[in-house]
Each structure stands twice: as structure tokens, then as C-alpha cells.
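Peer 1: Next input, structure requested:
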Amino acid sequence: ESDISKVRLGQRVAITSEGKAFEGEIRGSVSQIGQKIGKKDILNTDPAAAVDARVVEVNIRLSPQDSKRVASLTYAKVIVKIFL
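Peer 2: Residues are numbered from 1 along each chain as shown. Sure, this is the predicted structure:
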């Protein structure tokens, strides 16, 4: 929530798999920024995790090549880095 004011349309994004869903890094850019703040809807099993974290949905447009690489994946756990 505190960093959302730094996120802009078109900013570069790098996505990596937290597991082994895909190898390497996937590239994209911010294509849409949500207007409302919500609560996390995915439960974390880490007891130290911030369970009441507030989130803003950000849509990412993947590059065409990377989109093909991950088209068949669902529910992959990923780490997203937005270059501010």
C-alpha cells in the first residue's frame, strides 16, 4: 500500500517462479493499476507473514515470448519485481 504511489503504467516488471513452475525470468510491464485497496485473498502458511496486509491489484502485460512460455500455467507462486 505504501509503495503503490510509486508504481506507474509502463514500468518494467521481472517475474520469477518461487517454485519450479518455469525457469529464469519473465519480463513484462505494468498495464493497469487498481483503484481500491483490498485484503490479501491468499492464505500464507508462514506464521511471521503480515496476514492483514493491504493490497492493490496491478495487472502486468507479459512480452509475447514470455506469455507463450507460461500460457499453460495456473496458480504458480511467483515473485514480482516492479522497477520503480
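Peer 1: Adjacent strands (with direction) for the strand ranked longest in the chain?
Peer 2: As assigned by DSSP state E, the longest strand anywhere in the chain is strand 25-33. Partners of strand 25-33 in the sheet, by DSSP bridges, are strand 12-17 (antiparallel), strand 58-62 (antiparallel).
Peer 1: Arg69 belongs to a helix?
Peer 2: Yes - secondary structure of Arg69 (DSSP: H, G, I helix; E, B strand; the rest coil): part of a helix.
Peer 1: Excluding covalently adjacent residues, which one is nearest to it?
Peer 2: Counting by CB to CB, 6 or more residues apart in numbering, Phe22 is the residue found nearest to Arg69 once chain neighbours are left out, at 6.1 Å. C-beta: built from backbone N, CA, C; applies to glycine.
Peer 1: What helix or strand is that neighbour located in?
Peer 2: Taking DSSP states H and E as the definition, one finds Phe22 inside no helix or strand.
Peer 1: wait, what's in contact with it?
Peer 2: Arg69, Val70, Leu73, Ala76 (CB atoms under 8 Å, 6 or more residues apart in numbering).
Peer 1: do the same with Asn59
Peer 2: Val30, Ser31, Gln32, Ile33.
Peer 1: how does it look with 10 Å?
Peer 2: Leu9, Gly28, Val30, Ser31, Gln32, Ile33, Gly34 (CB atoms under 10 Å, 6 or more residues apart in numbering).
Peer 1: I'd like to know which of the contacts of Phe22 is nearest to Glu18.
Peer 2: Distance to Glu18, by CB to CB, is smallest for Ala76 among the contacts of Phe22, at 8.1 Å.
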